[in-house]
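**Student:** Would you be able to build a 3D model of this:
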Amino acid sequence: MKKLNQSRRGFLKAAVAAGLAPQVVPYANLFGATAPSNRVNLASFGVGSQGSGLFRTLLQPPWVRVVAIADCFKDRRENRAEQACKQYGGNYCTPYRDYREVLARPDVDGVVVATPDHWHHNLTAAAMQAGKDVYCEKPLTLSIDDNRDLLETARRYGRIFQYGTQQRSATHVRTGCELVRAGVLGKIHRIEVDAPSGKLGGGSLEPTPVPDGLDYDMWIGPSRERPYTKDRCTNSGSYFSSDCSIGFIAGWGAHPLDVMTWALGDGPDSVPIEFEGSGKFGEGLFDTCAAWDVKGRFANGVEFVFKPGGDSTRFYGENGVINIRRGGLSAEPAGLLREVIPQCKKPLRANTTGFHHTADFAECIKTREQPCSPIEAAYHSDNISHLSLIAIKTGRKIKWDLKQQSIMGDDEAKKLMGRKVSRYPYVV
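**Tutor:** Predicted coordinates:
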């Protein structure tokens, strides 16, 4: 596998040229002209709502080929495989019920993980162990311990990892973070992060027959064994059931929290050292934290506030305010956005492929460069969601040791860093 990736490095310029060509000639002609040594073969794991959207982005770059689809729903995997084959003009994409058959294929360079959250850790770890690079949707995993395990696994196996925080491929988000890093705000004293709240309860817990075409045991995978209900394998069942996730505090909070850590340098000190807060949890199937009010402090004394709201990251400094949102970039005073960034400041990585965030991942499979959202950034930003939730659950101030990467002085809270659920045979 490493030999195959090594041979691709010499084809970078050709890949860039091919990436621009769809504006000029038909896709099919371009794809046929792409040399196999310059092509990236990817597999999609999970092609439901979010996974379906990512799958469509993978069909756009002419130097990317989706060769495998793995999904527990028979109709989903077969429909997406058929769509890919039609796009490529041949029988190039195969549907699979079992992801392990995909990982055994030597021609698969990387995988895109867009399954429900409870599968993220196992699939990513297994793929890396099999020599595959990984794009994984947010949140990273369901525990701090599993986050650390993926960080160590990526380093151990030398794998490329791209986190699904696609705002890093947006020019205005990168510009806002560069301005913060350049110090145009002067001394920062407060950072406020808003993310959409979740569902405050709901969802049926009444067992019903498993529908035809669904491998329910595989869908449950490493999570707790639970009876099938009409709402369990839906989007809401994936997002708001504690069997599968920790809720939107991570499922959506990952985006604006990731913007914050990017602007602060992506290192350990981009994570607050103190957390305290309160929250509301749902009842029924949708039982995750639905609303939260978290406050904290960074090692340098900067205040941290994390609440439900839109999708924004606001930096308050002595010279004004910079607000970075998915939908735009603003500042008070507006002139802050026109400040010149010193040449001594290294620009943040830009997605130069002309395609989606997934294309930056595919490009890095060839070049072996770090993508826009590397594993170190994912580890730190995702830990903030977990530490916020631990503070809510315990009702106590949580102190985070930046050097030890662990909770200090609270053994009960420290136990919540782990999630010891992994059903056989879905063990990594």
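**Student:** Look up how far Asn300 lies from Trp292.
**Tutor:** 24 Å (CB to CB, to the nearest Å). (Glycine included, C-beta is placed from N, CA and C.)
**Student:** who has more neighbours, those two?
**Tutor:** Trp292 (25 against 11; other CB atoms under 10 Å).
**Student:** beta partners of the more buried one?
**Tutor:** Counting by DSSP bridges, Trp292 is bridged to Gly279.
**Student:** give the contact list for the closest residue in space to Asp266 that isn't next to it in sequence.
**Tutor:** Nearest residue to Asp266, sequence neighbours excluded (CB to CB, 6 or more residues apart in numbering): Ala377, at 4.6 Å. The contact partners of Ala377, taken as CB atoms under 8 Å, 6 or more residues apart in numbering, are 163, 165, 258, 261-262, 266.
**Student:** same deal with Phe306?
**Tutor:** Phe306 neighbours (CB under 8 Å, 6+ apart): 192-193, 195, 253, 257, 277, 292, 294-296, 384, 388.
**Student:** For the closest residue to it other than its chain neighbours, give me the pLDDT.
**Tutor:** Nearest residue to Phe306, sequence neighbours excluded (CB to CB, 6+ apart): Val294, at 4.1 Å. On pLDDT, Val294 comes in at 98.
**Student:** same deal with Lys230?
**Tutor:** The model reports Lys230 with a pLDDT of 97.
**Student:** With Phe11 instead?
**Tutor:** pLDDT, read off for Phe11, is 31.
**Student:** Give me the buried positions along the helix or strand harbouring Gly53.
**Tutor:** For Gly53, the element it lies in under DSSP states H and E is helix 49-58. Judged by neighbour count (16 or more other CB atoms under 10 Å), helix 49-58 contains these buried residues: 50-52, 54-55, 57-58.
**Student:** Nearest to Glu137, out of those residues: which one, please.
**Tutor:** Of all the buried residues of helix 49-58, Glu137 sits closest to Gln50, with 6.0 Å by CB to CB.
**Student:** if I look at that closest one, how far off is Lys345?
**Tutor:** Distance of Gln50 to Lys345, given as CB to CB: 34 Å.
**Student:** can you list the residues that contact stretch 383-400?
**Tutor:** So stretch 383-400 is contacted by 139, 143-144, 147, 246, 249-250, 253-254, 257, 260-261, 271-279, 289, 292, 294, 296, 306, 406-410, 412-413, 416-417 (CB under 8 Å, 6+ apart).
**Student:** From those residues, list the buried ones, please.
**Tutor:** For the contacts of stretch 383-400, buried by 16+ other CB under 10 Å: 139, 143-144, 147, 246, 249-250, 253-254, 257, 260-261, 271-277, 279, 289, 292, 294, 296, 306, 407, 413, 416-417.
**Student:** tally of neighbours for Asp194?
**Tutor:** Asp194: 20 surrounding residues under other CB under 10 Å.
**Student:** That one: helix or strand, and which one exactly?
**Tutor:** Per DSSP H and E, Asp194 falls inside strand 188-195.
**Student:** what's the answer for Pro106, then?
**Tutor:** Assigned by DSSP H and E, Pro106 falls within no helix or strand.
**Student:** Show the pLDDT at it.
**Tutor:** 97.
**Student:** got the phi/psi numbers for it?
**Tutor:** phi -70, psi -20 (degrees, to the nearest 10).
**Student:** and if you look at Gln404?
**Tutor:** Backbone geometry at Gln404, expressed as degrees, to the nearest 10, gives phi -80, psi -10.
**Student:** switch to numbering from 163
**Tutor:** That works, and once the first residue is 163, the last one we named lands at Gln566.
**Student:** What distance do you get for the spatially closest residue to Val209 that is not a sequence neighbour to Leu221?
**Tutor:** Nearest non-adjacent residue to Val209, counting by CB to CB, 6+ apart: Arg242, 4.6 Å away. Distance check for Arg242 against Leu221: by CB to CB, it reads 10 Å.
**Student:** Then Asp295?
**Tutor:** On the measure of CB to CB, Asp295 and Leu221 end up 19 Å apart.
**Student:** Comparing the two, which residue is more hemmed in?
**Tutor:** Asp295 (27 against 19).
**Student:** Inside helices: which ones of the contacts of stretch 545-562?
**Tutor:** Counting by DSSP state H, the contacts of stretch 545-562 place 306, 309, 411-412, 416, 419, 422-423, 574-575 in helices.
**Student:** chain center to stretch 517-524: distance?
**Tutor:** Centroid separation for stretch 517-524 versus its chain: 13 Å, with CA atoms, centre = their mean, to the nearest Å.
**Student:** Find me the pLDDT at Pro504, would you?
**Tutor:** 83.
**Student:** pull the longest helix from this structure.
**Tutor:** The longest helix of the chain (DSSP H) is helix 537-556.
**Student:** Next SSE downstream of that one?
**Tutor:** Counting by DSSP H and E, the next helix or strand C-terminal to helix 537-556 is strand 560-563.
**Student:** Buried ones in that following strand, by neighbour count?
**Tutor:** Residues of strand 560-563 classed as buried: 560-562 (neighbour count, 16+ other CB under 10 Å).
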